[in-house]
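Colleague: Mind folding the following:
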Amino acid sequence: MLHSFHIPVLGLGYSIDTPLKVARYGISSVLSIVDDELVERMRAYHSQNRSMDFEAIAKGETDSRSRRITAYLNFLSDCIDHDFKALKQQDFKQGNDICRYFELLPDNSKLKHGYELMMEYTEGETKQSFQSVLKNAMRMGNIDVNIMAKVDKMNYVNGEYTGDVNTDALAALRGFAESKLNASVVLSAGMNPKLYSYMEHFTDFFPGENASLKKRIILKVSDFRSALIQAKFLAKKGLWVSEFRIESGLNCGGHAFATEGYLLGPILEEFKTKKSDMYQELFEMYQLALMQKGISVEKELKQKITVQGGIGTAAEHQFLLQHYHLDATGWGSPFLLVPEVTNVDADTLLQLTGATVQDFYLSNASPLGIRFNNFKNSTIEQQRTERIEKGRPGSPCTKKYLCNNTEFTEEAICTASREYQHLKIKSLKTAGLTADEYEKQFNDVTGKVCLCEGLCSSTYLKYNILKPKENKAVAICPGPNLAYFSDVYSFDEMVGHIYGKINLLEQVERPHVFIKELNLYIDYLQEDIKQQLQHFSDKKIKQLNGFKMQLAEGINYYKKLFSEMADHASDEFKQLYEQLASSKNKLDTLIIG
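Modeller: Predicted coordinates for the structure are as follows:
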């Protein structure tokens, strides 16, 4: 990798075309392929923008979801390849994109050192040959895709089930697998055996010449145990996990998958300690499975370990890479403030720049029933409360990607839909609940918002392609870390911040990434205890005590870590210890049962 960071997936629309903006500079990014309608509209928009032919794939056509995804990924591949070749043909002249390519690299990059040395030469044969070497060493960033493994709605045509291979997740995977991309699929949100097994149908996931993989698998995980279980399942099918992408359970954007009190530092330590043994175990399983398929692989394959979630300074970035021997870090939410890279409409961008820590919170807004990082000042939150006030809570359900509830209907419907919320509130009114319990359940039901439309609206607004009568309310799901960034930044500024060339947070008071996550977990535990006050069960008490114990062990780990990593006399070390002591006191005051 030329760069030591990547840009993770950002909602449905926010990074839908990010590779088109950053891949030619050698930076990898991830787009979501959940919404094939969005994918199709982006292909139409960018085709027109580039004066390219566009042939629509209608929703009703056979296998349209998969084909739309393949067509868009092939379009991105062709465009980025064209842009990269054009960039490489430029002269090394200040202000040209080819110079920008090298100037974005970290200062410790050998390629950057070579570029700087070449720029010092006067014109001549040596300079020309030097430039040729540099151009040959240039690489594009990856165009990776994300599939939330369990967002896998079954599909019907005229009441007839279209079959397991046409569920949403499997059709999306097929769209990626049949594309021309040499890239990775990032599997997140838990294990889906049906989806994982389906990968065996595509030769690109198996090693080719020199044991190379055209299509690679990245597992987004929140702990070592689940990572190993999933990787073993895949290895036994001859499928290799090329990267474990460790994400903070709570200090991240989008859906939050809280661990049972396992903190990021101890999790990274476990990966660091066990990764060699894990690699050996997985590679032996993998070789055996391939042998049974008639494929022989002697050459060891790469297996990267990266981390993302709440990283905010160059010092944190560098420390994580060095101390835990990681291959890269992920920077997501801060790039929402970089219009060159992501799709945030002007009004939402203005709201984000003025936001405080209190404006970012963990909500129950997702129809999936998973906690969701939310932004209080989003227009979809305003729309949600207005609909409740008008006596018509819920959203029209047009896209149906998150339909998973059959409480009142035979065919699954979405819990954010007007239909579901009407039926649920009607049942609550006849359930004999106390006023307080009714209000609590009413708020839970009406707290859900339509993410299918809300996470795309910003993109349509930014590109001015919103259709008449289409909902323009914006949902956005930054991680809590975004609160500390309060301006609109250029691409060069954000990359420079990551590598320590400039400091965008110089005057900002911000807790260390590990302390921030710890406090988020303590708040999460406190809220969970509060929710159980009236009906503690023995099982729940045991679970909460286990959660608290893990947090206490995490604090002990950080005490030892901080004493090893810092000069005891430094102000930074004292602040870390004070913050850790404050968090420990807060944890100690929590009484369970």
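Colleague: drop to CA atoms for contacts and neighbour counts, all remaining ones
Modeller: Fine.
Colleague: ok, residues contacting stretch 353-360?
Modeller: The contact list for stretch 353-360 (Cα atoms under 8 Å, 6 or more residues apart in numbering) reads 337, 373-377, 478-480, 483-488.
Colleague: Any idea how far apart the tips of it sit?
Modeller: Length of stretch 353-360, first residue to last, Cα to Cα, to the nearest Å: 12 Å.
Colleague: Of the contacts of stretch 353-360, grab the buried ones for PyMOL.
Modeller: Here is the PyMOL command that selects the buried residues among these (16 or more other Cα atoms under 10 Å):
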select buried, resi 337+373+374+375+376+377+478+479+480+483+484+485+486+488
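Colleague: Take the contacts of stretch 353-360 and keep only those in strands.
Modeller: Of those, the ones assigned to strands by DSSP state E are N373, N374, F375.
Colleague: What residues are bridge-paired with the last one?
Modeller: It refers to F375. On the basis of DSSP bridges, F375 takes part in beta bridges with F360.
Colleague: can you pull out the strands in the stretch 101-250 of the chain?
Modeller: Per DSSP state E, counting those that start in this stretch, the stretch 101-250 of the chain carries strands over the ranges 143-148, 156-157, 160-161, 183-188, 215-221, 241-247.
Colleague: distance of K539 from Q532?
Modeller: Applying Cα to Cα, the value for K539 to Q532 is 12 Å.
Colleague: Neighbour count for those two, which is higher?
Modeller: Q532 (14 against 8; other Cα atoms under 10 Å).
Colleague: Tell me, how many residues neighbour R245?
Modeller: The burial count for R245: 23, using other Cα under 10 Å.
Colleague: Across the sheet, point out what pairs with it.
Modeller: With DSSP bridges as the rule, R245 is bridged to K220, T306.
Colleague: Was I right to think it contacts I305?
Modeller: Yes: assessed by Cα atoms under 8 Å, R245 is found in contact with I305 at 6.1 Å.
Colleague: Now the common contact residues for the two.
Modeller: Counting by Cα under 8 Å, 6+ apart, R245 and I305 have no contacts in common.
Colleague: can I see the domain layout of this protein?
Modeller: Domain assignment for the chain, taken from automatic domain parsing, gives 5-89+139-332, 511-593.
Colleague: Name the stretch among these that sits most buried.
Modeller: domain 5-89+139-332 (a mean of 19; mean count of other Cα atoms under 10 Å).
Colleague: tell me the mean pLDDT for that one?
Modeller: Average pLDDT, domain 5-89+139-332: 95.
Colleague: And stretch 452-470, by the same measure?
Modeller: Rounded mean pLDDT across stretch 452-470 is 94.
Colleague: and for it, what are the contacting residues?
Modeller: Contacts to stretch 452-470, defined as Cα under 8 Å, 6+ apart, come from residues 11-14, 35, 38, 343-346, 348, 380, 399-402, 471-476.
Colleague: Now the domains of the chain in CSV, please, with extra columns for distance to K390.
Modeller: Shown next, in CSV, are these (distance: least, Cα to Cα, whole Å):
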stretch, distance to K390
domain 5-89+139-332, 29
domain 511-593, 29
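Colleague: between these, which gets nearest to G369?
Modeller: Comparing these by their distance to G369 (Cα to Cα), the top pick is domain 5-89+139-332, with 9.7 Å.
Colleague: The closest one: end-to-end distance?
Modeller: First residue to last in domain 5-89+139-332 (Cα to Cα) measures 10 Å.
Colleague: With stretch 166-186 instead?
Modeller: Terminal-residue distance, stretch 166-186 (Cα to Cα): 19 Å.
Colleague: on that earlier part again, Throw the strands of the stretch 101-250 of the chain into CSV and include distance to D83, thanks.
Modeller: Shown next, in CSV, are the strands of the stretch 101-250 of the chain (distance: least, Cα to Cα, whole Å):
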stretch, distance to D83
strand 143-148, 14
strand 156-157, 40
strand 160-161, 42
strand 183-188, 18
strand 215-221, 22
strand 241-247, 27
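Colleague: Just the CA atoms from stretch 506-524 would do, formatted as PDB, please.
Modeller: Extracted in PDB, the C-alpha atoms of stretch 506-524 (Å, rounded to 0.1, in the frame of the first residue of the first chain):
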ATOM      1  CA  GLU A 506      -4.600  22.300  17.000                       C
ATOM      2  CA  GLN A 507      -6.800  24.400  19.300                       C
ATOM      3  CA  VAL A 508      -9.300  21.600  20.100                       C
ATOM      4  CA  GLU A 509      -9.700  19.800  23.400                       C
ATOM      5  CA  ARG A 510     -10.400  16.200  22.500                       C
ATOM      6  CA  PRO A 511     -10.000  12.900  24.400                       C
ATOM      7  CA  HIS A 512      -7.600  10.200  23.200                       C
ATOM      8  CA  VAL A 513      -9.300   7.700  20.800                       C
ATOM      9  CA  PHE A 514      -9.100   5.000  23.500                       C
ATOM     10  CA  ILE A 515     -10.500   7.200  26.300                       C
ATOM     11  CA  LYS A 516     -13.400   8.400  24.100                       C
ATOM     12  CA  GLU A 517     -14.400   4.900  23.300                       C
ATOM     13  CA  LEU A 518     -14.200   3.900  27.000                       C
ATOM     14  CA  ASN A 519     -16.500   6.700  28.000                       C
ATOM     15  CA  LEU A 520     -19.000   5.800  25.200                       C
ATOM     16  CA  TYR A 521     -19.100   2.200  26.600                       C
ATOM     17  CA  ILE A 522     -19.600   3.400  30.200                       C
ATOM     18  CA  ASP A 523     -22.500   5.600  29.000                       C
ATOM     19  CA  TYR A 524     -23.900   2.700  27.100                       C
END
